[in-house]
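> can't give you the sequence, but here's the structure:
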Ligand SMILES: [Cu+2]
């Protein structure tokens, strides 16, 4: 087991070096993935009236847990939009995973929160649509989900 312990120390050091949390999972292969970006691509639909950003809790979404979505909506000048109806749709680009949609609730300052669950690891599209004052916007975030 001495060799195992040594390997564990090396992995802990490497994961600290990579900037991850160095917790109990540091030995697993997951930790080495943590230096990869969570959001792989962002695509704003043509003609969108809003700008959107998104982040996650936990910061790296995993398929076995619910994910809290934090997002912001601004108009094209950057002013927060507080009264939008915001909907998220979770889609796998490579396969039909069924309908997986939920609404996000406004939290002031152009921020919206909601909870959803990715039902598989791999690449997902988080499609966010916002509607306010007769205008609409749509942004797709390609997101990496771990198992
Ligand atoms: Cu799938």
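Structure's in. What do you need? These numbers come from a predicted model, not from an experiment. Numbers count the residues shown, from 1 in each chain.
> got phi/psi on the closest residue in space to residue 116 that isn't next to it in sequence?
Ranked by C-beta to C-beta, 6 or more residues apart in numbering and with sequence neighbours excluded, the top spatial neighbour of residue 116 is residue 102, at 4.9 Å. Where C-beta positions appear, they are placed from N, C-alpha and C, glycine not excepted. Here is the backbone geometry of residue 102 (degrees, to the nearest 10): phi -160, psi 160.
> only the buried residues of stretch 115-128, if you could.
By neighbour count, with 16 or more other C-beta atoms under 10 Å as the criterion, the buried positions of stretch 115-128 are 116, 118, 122, 124, 125, 126, 127, 128.
> let me fix that, I meant to ask about stretch 92-105.
For stretch 92-105, using 16+ other C-beta under 10 Å, the buried residues are 92, 104.
> now do that stretch: distance to the chain's middle.
For stretch 92-105, the distance between its averaged C-alpha position and the chain's averaged C-alpha position is 13 Å (C-alpha atoms, centre = their mean, to the nearest Å).
> what's the end-to-end length of it?
Between the opening and closing residues of stretch 92-105 we find a distance of 24 Å, counting by C-alpha to C-alpha, to the nearest Å.
> list of residues touching that stretch?
Contact partners of stretch 92-105, identified using C-beta atoms under 8 Å, 6 or more residues apart in numbering, comprise 69, 71, 85-91, 112-117, 119-120, 122-125, 128, 142.
> give me the pLDDT for residue 84.
pLDDT recorded at residue 84 is 98.
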